[in-house]
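# coords please:
(2 chains)
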Amino acid sequence: MRVTVELTYDMSKDLGVDSLEMEGVRTVAELVDKAKAQVGPGFERHTRLAAIAVNGVLVNHKKGMRTRLADGDVVAFVKASAGG
Amino acid sequence: MIKGYAGRMLEVDLKNRTFELQPLDTGIARLYIGGKGYGTRLLYDRTEAGIDPLGPENLLIFATGPLNGSVAPQTNRFAVVCKSPLTGGIGNATCGGNFALGLKKAGIDILILKNQSDKPVRLEINGDKDEVKFTDASDLWGKGTYETQEILGKKKYHAVIGPAGENLVLFAGIVSQERIAGRTGTGAVMGSKGVKAITVEGSRKLEMEDPEAFKAYTKEVRAIFKAHPMLGGKLKACGTGNIVNTANGRNILPTRNFARGHFEKAKTISGEYIADHELVGVKTSCIHCPVTCGRDVETQKRGKIKGPEYETLALMGSNLEIGDAQQVFEFNYLADDMGMDTISLGSVLGFAMELTERGMLDSKLAFGKAEGVSEMIQDIAHRSGLGNDLANGVKKMSEKYGGHDFAIHVKGLEISAYDPRGSYAQGVEYATTNRGGDHAQGACMYMESTGPFTINPHSLKLKVELPVMQQNLMCSVNSMVMCMFTTYGMIPKQAHELSPNSMAYKLAIAAFENSGPALRLFLKKRPKTGPMMWFEKWLTYITGETFSTGHLQDIGARIFNLERMYNLREGLSGKDDTLPPRILYEPTFKGMTSGHPLHKLLPRYYDLRGWDASGVPRPETLAELQVVV
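Numbers count the residues shown, from 1 in each chain, chains lettered A, B, ... in the order given. All right, here's what the predicted structure looks like:
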């Protein structure tokens, strides 16, 4: 099973990549743990105020960190914005 | 006269080259404030049903409000009201820049243009001398908005049109400095009247009821805005383009003519990317605004120019599958110079690309291909070749070439850059807003898809209450006349510092999502004892009359219902309260079987508005709101 993780803009800048590909993560919690290890100490700083969306839907509106992932899912760290 | 108003309206007859100063009606001002509200009342009362929007009978009304001319942040905007040539219903738009301040300095609350000039004309209004000069504008006709303003003098207060307005492009706008009253084709109405530019001057000062309280409170609010994570943070740092990455992550970024909500190259057209790579010089703002959401960018071709807003980045970037910010800068520059609304322009280009791809239109336009777009923008502005068809907008294009199912508009107005399939309340707002599919008449997306506190966009909770509340509020905001961004400051700084994954955040969202019954009661009763936000305090300090949240809901509901009655008079009906078939029926989220559930929400919306099942305001609703028709 393979999922794509879209990073916040700042995280992408630090890592030099737009997204990460992850194998074998079954839930959002597992994905976050793996991402922490992969990204390193900057992860908390970059994602503290970011919501997590699976295929565009916030996990807050699903099963939170227990939300199950499927092959091909896109998980994004999303920060609030304003304008119009 | 109530303080905050100059007390005068100027009516200019373009055919007979005469003008008349009239007293402002304080009764109307108390009921409708000014700006959009007052302008709508005038349009309703002074025009007949069924007039040609581009004919002499249409009025073009520039309207300020009691906050304009003060130094309060985000208050130097004017409203333009007319019958829309794009929708056939109510037309309006608001604009920053400096023209609102100029009108107030000239001692004019409202400027009404009637009839048509038989040759290009420039109006020079001097409020101190009570004088209007009708100057030949043949030398300016055909020039872009940048050159026109350069010739008129950068320090003057003016409103101008570009070639798009002159050539009656149905989504042409009116420009003041680098800002545009973009939506519903007000620029085409100005062009139909033969007016290229209006310049105002004067030296009057705004009179306030309690200037000391106003000054002290404004200082306080200015500090709040500067420390606010959105107004003083993200908007200042990245401009409105900061929304691109959020919208993409939430799957609502219009992509490929709204076929999808996610664009692989979104990051390279985002506000953050532009701030890192393309931004030069100082950020720009309207007068007295500490937010400075405007930005300059640099291109190889043009050097330093105004950068695009979110709507432009989305509708002329991701919607066309163009991920090169430099290309979008150029499209934005051309659209501004020609004087066109980039929301409608991006949408009609996307529609033409899809028609071409399906073999329904013979053009060189293609998704992902920037070549030919700049030329087409020029052709649209000059109504040349195929551009003559695109200049009529998506609805009329679909009537000529087909493609109704993927023609993205509501009531003829192309929808803004938030896909309602991931923002149900925004969809209800698009469907019911009187001027057509637009986000700036409610901005519900902020509370369900883009802001710091977002309810579940896919449940039916609050999907009726939010649009009603927000549409009412924005009717009032557009009548003061203020920038919609000020409402973002209503969510305090502390709330932005909560992690979306924290228990406190989840509890707050749950409480908000379950506030429907209380909100419905509030919207029905609109008690005049509600809390006061800064704009209500400013109104109170300036005018000396009491304003509260309930007052503004009351006034906003009145304006909204009057707009509705105008549309009904012009032949629109509840059948026009809909969304494009693509949005209603094509899923964009995993597990979704259809699009937007409007059919479940519209009856509830009508009921909360006090309208009958066909969407007509009940007589008792109009009576309660004092809407006389």
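# B:Y566 sits in which helix or strand?
helix B:549-569 (DSSP states H and E).
# show me what that helix is packed up against.
Judged by 3 or more CB pairs under 8 Å, 6 or more residues apart in numbering or on different chains; DSSP states H and E, helix B:549-569 is in contact with helix B:26-32, helix B:35-46, strand B:90-95, helix B:465-480, helix B:516-525, helix B:534-543, helix B:619-625. Any C-beta I mention is one placed from the backbone N, CA and C, and that applies to glycine too.
# export those as JSON lines, with columns for mean neighbour count and mean pLDDT.
As requested, these are exported to JSON lines (neighbours: other CB atoms under 10 Å in any protein chain shown; pLDDT from 0 to 100):
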{"stretch": "helix B:26-32", "mean neighbour count": "17", "mean pLDDT": "98"}
{"stretch": "helix B:35-46", "mean neighbour count": "24", "mean pLDDT": "98"}
{"stretch": "strand B:90-95", "mean neighbour count": "27", "mean pLDDT": "98"}
{"stretch": "helix B:465-480", "mean neighbour count": "27", "mean pLDDT": "97"}
{"stretch": "helix B:516-525", "mean neighbour count": "14", "mean pLDDT": "96"}
{"stretch": "helix B:534-543", "mean neighbour count": "23", "mean pLDDT": "94"}
{"stretch": "helix B:619-625", "mean neighbour count": "15", "mean pLDDT": "98"}
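# who wins for proximity to B:G182 among the ones you listed?
Go through these one by one with CB to CB and the one that ends up closest to B:G182 is strand B:90-95, at 5.8 Å.
# one step back: chain center to the helix holding B:Y566, what's the gap?
Centre-to-centre, helix B:549-569 and its host chain are 17 Å apart (CA atoms, centre = their mean, to the nearest Å).
# tell me the angle that helix makes with helix B:35-46.
Interaxial angle, helix B:549-569 versus helix B:35-46 (axes from the mean of the first three to the mean of the last three CA atoms, to 10 degrees): 40 degrees.
# which is the next helix or strand following helix B:549-569?
Using DSSP H and E, the helix or strand that directly follows helix B:549-569 along the chain is helix B:581-585.
# any idea which helix or strand carries the closest residue to B:L101 other than its chain neighbours?
If the residues on either side of it in the chain are set aside, B:L101 comes closest to B:N76, at 5.2 Å by CB to CB, 6 or more residues apart in numbering or on different chains. Here B:N76 sits in a region with no helix or strand, counting by DSSP H and E.
# doesn't B:L206 make contact with B:N76?
No: the criterion here is CB atoms under 8 Å, and B:N76 misses it with B:L206 at 11.5 Å.
# between these two, who's got more neighbours?
Using other CB atoms under 10 Å in any protein chain shown, the more surrounded residue of B:N76 and B:L206 is B:N76, with 31 against 20.
# quick one: pLDDT of the more buried one?
On the pLDDT scale, B:N76 is placed at 89.
# do B:T529 as well
Looking at B:T529, its pLDDT reads 80.
# and chain A, which residues reach chain B?
With the criterion set to CB under 8 Å from any CB of the partner chain, chain A comes near chain B through A:6, A:8-10, A:12-13, A:18, A:48-53, A:55-58, A:60-61, A:64-65, A:73-74, A:76-84.
# buried subset of these as a PyMOL selection?
Burial among the residues of chain A next to chain B is assessed by 16 or more other CB atoms under 10 Å in any protein chain shown; the matching PyMOL selection reads:
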select buried, chain A and resi 6+8+9+10+12+13+18+49+50+51+52+53+55+56+57+58+60+61+65+73+74+76+77+78+79+80+81+82+83+84
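# name the residues contacting each of B:N76 and B:L206.
Both B:N76 and B:L206 are in contact with B:G69, where contact means CB atoms under 8 Å, 6 or more residues apart in numbering or on different chains.
# rewinding a little: okay, angle between the helix holding B:Y566 and helix B:465-480 too, please.
Helix B:549-569 and helix B:465-480 are oriented at 90 degrees to each other (the same axes, to 10 degrees).
# so for helix B:549-569, mean pLDDT?
The average of the pLDDT scores along helix B:549-569 is 97.
# which of the residues of chain A next to chain B fall in strands?
A:E6, A:A50, A:A51, A:I52, A:A53, A:V57, A:L58, A:V74, A:A76, A:F77, A:V78, A:K79 (DSSP state E).
# okay if I get those residues as a markdown table plus pLDDT?
Rendered in a markdown table, the data for those read as follows (pLDDT from 0 to 100):
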| residue | pLDDT |
| --- | --- |
| A:E6 | 93 |
| A:A50 | 93 |
| A:A51 | 95 |
| A:I52 | 96 |
| A:A53 | 97 |
| A:V57 | 97 |
| A:L58 | 96 |
| A:V74 | 96 |
| A:A76 | 96 |
| A:F77 | 95 |
| A:V78 | 95 |
| A:K79 | 93 |
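# show the contacting residues for the residue of the stretch 1-150 of chain B found nearest chain A.
Proximity of the stretch 1-150 of chain B to chain A (CB to the nearest CB) peaks at B:T94, 11.7 Å away. Taking CB under 8 Å, 6+ apart as the contact definition, B:T94 lies against B:G35, B:K36, B:R77, B:F78, B:A79, B:V80, B:A181, B:A440, B:N478, B:V481.
# I would like a PyMOL command selecting only the buried ones among those, please.
Selection of buried members from those for PyMOL, criterion 16+ other CB under 10 Å:
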select buried, chain B and resi 35+36+77+78+79+80+181+440+478+481
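# contacting chain A as well, which ones from the contacts of B:T94?
Here is what survives when the contacts of B:T94 are matched to chain A using CB under 8 Å from any CB: B:A440.
# tell me how far the closest residue to chain B within chain A lies from B:S423.
In chain A, no residue comes nearer to chain B than A:G56, which is 2.5 Å away by CB to the nearest CB. Distance, A:G56 to B:S423, using CB to CB, to the nearest Å: 11 Å.
# what is in contact with the two at once?
B:R250, B:I252.
# and the helix or strand of chain B with the lowest mean pLDDT, what does it pack onto?
Across the helices and strands of chain B, the lowest-confidence element by mean pLDDT, DSSP states H and E is helix B:493-496, at a mean of 88. Where contact means 3+ CB pairs under 8 Å, 6+ apart, helix B:493-496 is not packed against any helix or strand.
# the inter-axis angle of the helix or strand that that helix is followed by versus helix B:465-480?
In the C-terminal direction, the helix or strand that comes right after helix B:493-496 (DSSP H and E) is helix B:503-513. With the same axes, to 10 degrees as the criterion, the two stretches helix B:503-513 and helix B:465-480 enclose an angle of 80 degrees.
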